[in-house]
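[1] how would this look folded up:
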Amino acid sequence: MERVLIKELVKKIGQKVRVCGFIVSKRDHGKIMFWDVKDKSGVAQVVVKKEEKKGEISTDSVVEVVGEVIKRPKGQQNPKLKTGIIELTAKKIIVLSESQTLPFPVDTAGYEINEEKRLTFRYLDLRRERLQNNLLKRHQVNQFIRQYLSQNGFVEVETPILTKSTPEGARDYLVPSRQQTGKFYALPQSPQQYKQLLMVAGLEKYFQIARVFRDEDQRADRQPEFTQLDIELSFATQEEILQLVEKMLVLLAADLKGYKITKKPFPRLKYAEVIKKYQTDKPDLRQNKKDPKELAFAWILDWPYFTRDPKTKKLDPNHHIFTAPKEEDISLLDKNPLKVRSWQHDLILNGFELGGGSIRIINPTVQKKIFALVGLSEKEIKEKFGHILEAFSYGAPPHGGIALGMDRLLAIFCGEENIREVMAFPKTGDGRDLTMKAPSEVDKEQLKDLKLVVKK
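    Presented below is the predicted three-dimensional model:
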């Protein structure tokens, strides 16, 4: 007999069906018991006669129930359930998997439970309706974005996870090579160089919902691995990139329903004016900051290319070293680099940086100048970036792009303060996976194969 989802039972009155799910509650009424059985689609009441129940079956056990769908009498219907007009009279019960007592309840929002315990038993934590809805919304957002970009001529391309360590900001996660002794891969902080090489390849329109990795210091809302929407396109102006992303987000908010965008088109603000007015480059521009459904997007433009690190006195790019400087400011790279403006564009939402991008450098001479200004020697430039400089020498279309933080976007759409609440298996602020007990020590033989020694 084919399994029926619980939400379909209201269409099966008078029929014999088979359902599967968790027993989420039990009520004993002497000769009969009432179970609430839940699957991914909903909850239904199951009537169990004592003779049908073989031994004690604990709450949260997984069962298969074969029975008849009966319409409840009017006074016994439950308007709180979508299946509240029916019940399932059990004729056969199979216990598929018994459960011991859960370490915490899963029928609440879960905020009141110790977070480390929740992350240790994340597979149980994910049973709660709030987190299931968050993951469902994540899926819906991903599907919408894929469809929107595909309809606009973009091609989804997966770029390598094992790549080269280059100085792009945060520390890299390194992976030792067993076959190339003493050499290491790095996990990507972004697909930045690969997507630019795809433009050199003539792909023209690329996107990827990419996993990226940054070995950063501990912070409560920071994750060592996260997801970004990565977009790159050739022969496009900055304004065309902004309009593409803006239209996508407006349509996405409408598709999800119930959200109000504060201003359309999104305000385009100059960096210097924003700093002067708000003392931050990420102002919260909502009219009602208590409204979780209000979305205040804004673009921050006209960024200074560099800031000077107060400790090292080195020049740091505000975006990254592949961002193009404004054409009229290129002559200042030699004279006064702190006065150089860039083609950077950041997108903010409700006081958070949602993403950032830029028009890219395609002139090898200008790119070398930027490398030199951030302190790279000729040797370092050749070793770390020789491949992309060589690529530019074979004809590079003008191009630009953007990367949006999907976890932050989802957190705002779901009304969550922490991005962990929209990730299936997040890590703690200090990078531990409490479910899998990672990171962990490895066997001596594995270290021997890699020719590594751990110093404690």
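
[2] Shouldn't M199 be within a helix?
    Yes - under DSSP: H, G, I helix; E, B strand; the rest coil, M199 sits within a helix.

[3] Walking through the stretch 101-250 of the chain, point out its strands one by one.
    155-156, 173-176, 184-187, 205-213, 225-234 (DSSP state E, counting those that start in this stretch).

[4] deepest of these, which one?
    Mean neighbour count (mean count of other CB atoms under 10 Å) peaks for strand 225-234 among the strands of the stretch 101-250 of the chain, with a mean of 22. Backbone N, C-alpha and C define where each C-beta goes, glycine included.

[5] and the angle from that one to strand 205-213?
    For strand 225-234 against strand 205-213, the angle between stretch directions is 160 degrees (axes from the mean of the first three to the mean of the last three CA atoms, to 10 degrees).

[6] which residues of the stretch 301-450 of the chain fall in strands?
    With DSSP E, counting those that start in this stretch as the criterion, the stretch 301-450 of the chain has strands spanning 306-308, 315-317, 344-349, 352-359, 399-405.

[7] Any chance of JSON lines for those strands, columns mean neighbour count, distance to Q218 and mean pLDDT?
    Below are the strands of the stretch 301-450 of the chain laid out as JSON lines (neighbours: other CB atoms under 10 Å; distance: least, CB to CB, whole Å; pLDDT from 0 to 100):
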{"stretch": "strand 306-308", "mean neighbour count": "15", "distance to Q218": "24", "mean pLDDT": "95"}
{"stretch": "strand 315-317", "mean neighbour count": "18", "distance to Q218": "22", "mean pLDDT": "94"}
{"stretch": "strand 344-349", "mean neighbour count": "25", "distance to Q218": "25", "mean pLDDT": "98"}
{"stretch": "strand 352-359", "mean neighbour count": "21", "distance to Q218": "19", "mean pLDDT": "98"}
{"stretch": "strand 399-405", "mean neighbour count": "23", "distance to Q218": "19", "mean pLDDT": "99"}
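
[8] Looking at the strands of the stretch 101-250 of the chain, spot the one closest to E115.
    strand 225-234 (17.9 Å; CB to CB).

[9] And the closest one, what does it pack against?
    On a contact count with 3 or more CB pairs under 8 Å, 6 or more residues apart in numbering; DSSP states H and E, strand 225-234 meets helix 192-200, strand 205-213, helix 238-256, strand 352-359, strand 399-405, helix 406-413.

[10] how much does it deviate in direction from helix 238-256?
    Using the same axes, to 10 degrees: strand 225-234 against helix 238-256 is 130 degrees.

[11] Looking at strand 225-234 now, give me its mean pLDDT.
    Mean per-residue pLDDT for strand 225-234: 98.

[12] by how many degrees do it and strand 352-359 diverge?
    Using the same axes, to 10 degrees: strand 225-234 against strand 352-359 is 30 degrees.

[13] Give me the pLDDT for E52.
    68.

[14] before we move on, back to that, is it possible to get JSON lines of the strands of the stretch 101-250 of the chain that adds distance to R408?
    JSON lines is the format used below for these (distance: least, CB to CB, whole Å):
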{"stretch": "strand 155-156", "distance to R408": "21"}
{"stretch": "strand 173-176", "distance to R408": "21"}
{"stretch": "strand 184-187", "distance to R408": "20"}
{"stretch": "strand 205-213", "distance to R408": "13"}
{"stretch": "strand 225-234", "distance to R408": "9"}
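
[15] Any stretches of the stretch 51-200 of the chain with poor pLDDT?
    For the stretch 51-200 of the chain, the stretches flagged by pLDDT under 70 are 52-54, 168-169.
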